[in-house]
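**Q** pasting the structure only:
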């Protein structure tokens, strides 16, 4: 698995200050994608154990970091490779949150064993392909109106989709 980039202090990709990992590889090819350079599965650099440990150490020593966001590309294509990292990160940093951006819908992920493993490690899922015709720059944490911001743990617990609530959001789905 490769990563096409890492942003160590983002405020645009989820609640709070987050480390964003752009996982390489995406087959959705959404028209108007904000990161087309990440579509190739070989873009960027290998996500080595050393790089993973550097991220875990950085988060452990940076108290204002709220969590990580997995973006891309689409991290669900590499779910089996990134899930052990997320588990190790959570073990080292109990209070962080994990957000994932994906072009897959929540319902599709539930049917895929590998993707479901990563989903279970997440707090928030921003799902659905970016649709240029539904682009709305006023939305918090998503690019188009069709996308949902899902509270994963509550959704898994109750068996229905529960949308994440942001008291600062301008719009809800």
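**A** Happy to help now that I have it. These numbers come from a predicted model, not from an experiment.
**Q** Can you show me the helices along this protein?
**A** 49-60, 79-92, 106-110, 113-119, 152-158 (DSSP state H).
**Q** Return the residue of the protein that is most distant from the centre.
**A** Computed with C-alpha atoms, centre = their mean, the maximum C-alpha offset from the centroid of the chain is found at residue 133, amounting to 22.5 Å.
**Q** Identify the spatial nearest neighbour of it, chain neighbours not counted.
**A** Nearest residue to residue 133, sequence neighbours excluded (C-beta to C-beta, 6 or more residues apart in numbering): residue 144, at 8.0 Å. Any C-beta I mention is one placed from the backbone N, CA and C, and that applies to glycine too.
**Q** before we move on, the earlier item: same list (the helices of the chain) but as JSON lines, adding mean pLDDT and distance to residue 40.
**A** Formatted as JSON lines, these follow (pLDDT from 0 to 100; distance: least, C-beta to C-beta, whole Å):
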{"stretch": "helix 49-60", "mean pLDDT": "97", "distance to residue 40": "18"}
{"stretch": "helix 79-92", "mean pLDDT": "97", "distance to residue 40": "16"}
{"stretch": "helix 106-110", "mean pLDDT": "97", "distance to residue 40": "22"}
{"stretch": "helix 113-119", "mean pLDDT": "97", "distance to residue 40": "20"}
{"stretch": "helix 152-158", "mean pLDDT": "96", "distance to residue 40": "28"}
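**Q** still on that earlier bit, my guess is the residue nearest to residue 133 contacts residue 137, does it?
**A** No: assessed by C-beta atoms under 8 Å, residue 144 is found out of contact with residue 137, at 10.2 Å.
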